[in-house]
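In: need the 3D shape of this:
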Amino acid sequence: MRGAAACRADRNAGVTDPTTRKQTLDPLTTFNSRRKLLFGIAYRMLGSVHDAEDIVQEAYIRWERVDHATVDNPQAFLCTMVTRMSIDLLRSARKQRETYVGEWLPEPLATEEVSAPENIALAESLSTAFLLMLERLNPVERAAFLLREVFDYDYPEVADVIGKSEDNCRQIVRRAKERVQAPALRFEAREDARDKLLNTFMSAVRDGEVKVLVNLLADDAALYSDHGGKASAARRTIRGADKIARFFIGVDTRFRPAEFSYRAIWLNGAPGIIVYSGLRPETAFSVEIEDGKIRAFYVTRNPDKLERLPGPVGTASPGD
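Out: Here you go, the predicted model:
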């Protein structure tokens, strides 16, 4: 997994010399210097920005109650806590997903440009395709696989985190690798290339140019929609360039909001679009590219999963 090198940088951020740690450890600074890493673990485990933020917040509350003088390795301690909390939450979340209305997709996460090699590697482990692939694994398998293959943990470290023997962890990761095949991120482009592709797409939708849209799509392109029973959307996967092109044009013709606007953005490390009704995100989708053609759309319409996305260009984003 090429994401390991990129995530190693996050993992090592803020690490202090253990010989001086007890004299210099400040609980808040120690936690905040690892907040990005902790969120990254929780989000990849859960596929939910909301749940990942809650896990990190709860971890901080628990961290405040700890006798810090007894903690030899704060980072290992915090990562273990977040991973185990994520395993517990994922077990209950999987039961909820069995009754989820329609197709479930990860909550979209606004990310940054992926032109730098280390960002491309990191984006692979955040891509919607990768997170959907992780759905094939049970919570413990997912934790072991992510820690080893994405965050570059040694097997003894993985064993400490998930509470199993080193040999057992090797078997878990081996089985997990057999059950999944990491998809490659296929769009290695700069922001201007992203904007050109997506603006051409949106203009063709607006103008009803079926042929232009079809030329942008792979013949076997697929469109996946998440509505959660809370918004209108395609009820099943749409396959084929022509069907997808006509679907987008039909939706735009019939349901375009009065105060329509959109922005091109990176979502889960891939090119994406957020469509707004006024200031409110109404739809978000990311695309997967292969050989210059759009091969997959991941469309989110469930309003609960759109709340944390940034607003239209020039407006404040949630949390600002």
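
In: ok now the helix or strand harbouring Ala221, how far from the chain's centre?
Out: Using DSSP states H and E, Ala221 maps to strand 217-226. The chain centroid and the centroid of strand 217-226 are separated by 19 Å, computed with C-alpha atoms, centre = their mean, to the nearest Å.

In: partner strands of the next helix or strand after it, parallel or antiparallel?
Out: Going down the chain from strand 217-226, the next helix or strand is strand 238-239, by DSSP H and E. With DSSP bridges as the test, strand 238-239 is paired with strand 217-226 (antiparallel).

In: pull out the buried residues from the partner strand.
Out: 217-218, 221-226 (16 or more other C-beta atoms under 10 Å). (Glycine included, C-beta is placed from N, CA and C.)

In: which one of the residues you listed is nearest to Arg97?
Out: Of all the buried residues of strand 217-226, Asp226 has the smallest distance to Arg97: 11.1 Å, by C-beta to C-beta.

In: what sits against the closest one?
Out: Neighbour list for Asp226: 102-105, 233, 298-302, 305 [criterion: C-beta atoms under 8 Å, 6 or more residues apart in numbering].

In: which of the residues you listed fall within helices?
Out: Among the contacts of Asp226, no residue falls in helices (DSSP state H).

In: out of these, who's nearest Thr283?
Out: Checking those one by one against Thr283 (C-beta to C-beta), the nearest turns out to be Arg301, at 5.6 Å.

In: now do the phi/psi pair for that closest one.
Out: Arg301 adopts backbone torsions of phi -120, psi -10, taken as degrees, to the nearest 10.

In: from Val140, how far off is it?
Out: 32 Å (C-beta to C-beta, to the nearest Å).

In: just Ala204 next, same as before
Out: 46 Å.

In: C-alpha coordinates for stretch 281-298, PDB please?
Out: Output of stretch 281-298 as PDB, limited to C-alpha atoms (Å, rounded to 0.1, in the frame of the first residue of the first chain):
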ATOM      1  CA  PRO A 281     -24.900  21.700  -0.100                       C
ATOM      2  CA  GLU A 282     -27.600  19.600  -1.900                       C
ATOM      3  CA  THR A 283     -25.500  17.100  -3.700                       C
ATOM      4  CA  ALA A 284     -21.800  16.000  -3.700                       C
ATOM      5  CA  PHE A 285     -20.000  13.600  -6.000                       C
ATOM      6  CA  SER A 286     -16.500  12.500  -6.600                       C
ATOM      7  CA  VAL A 287     -15.300  10.700  -9.700                       C
ATOM      8  CA  GLU A 288     -12.900   8.000 -10.500                       C
ATOM      9  CA  ILE A 289     -10.800   8.400 -13.700                       C
ATOM     10  CA  GLU A 290      -9.200   5.800 -15.900                       C
ATOM     11  CA  ASP A 291      -7.400   6.500 -19.200                       C
ATOM     12  CA  GLY A 292      -8.800  10.100 -19.200                       C
ATOM     13  CA  LYS A 293     -12.400   8.900 -18.900                       C
ATOM     14  CA  ILE A 294     -14.700   9.100 -15.900                       C
ATOM     15  CA  ARG A 295     -15.200   5.500 -14.800                       C
ATOM     16  CA  ALA A 296     -17.300   5.900 -11.600                       C
ATOM     17  CA  PHE A 297     -19.400   8.500  -9.900                       C
ATOM     18  CA  TYR A 298     -20.000   8.400  -6.100                       C
END
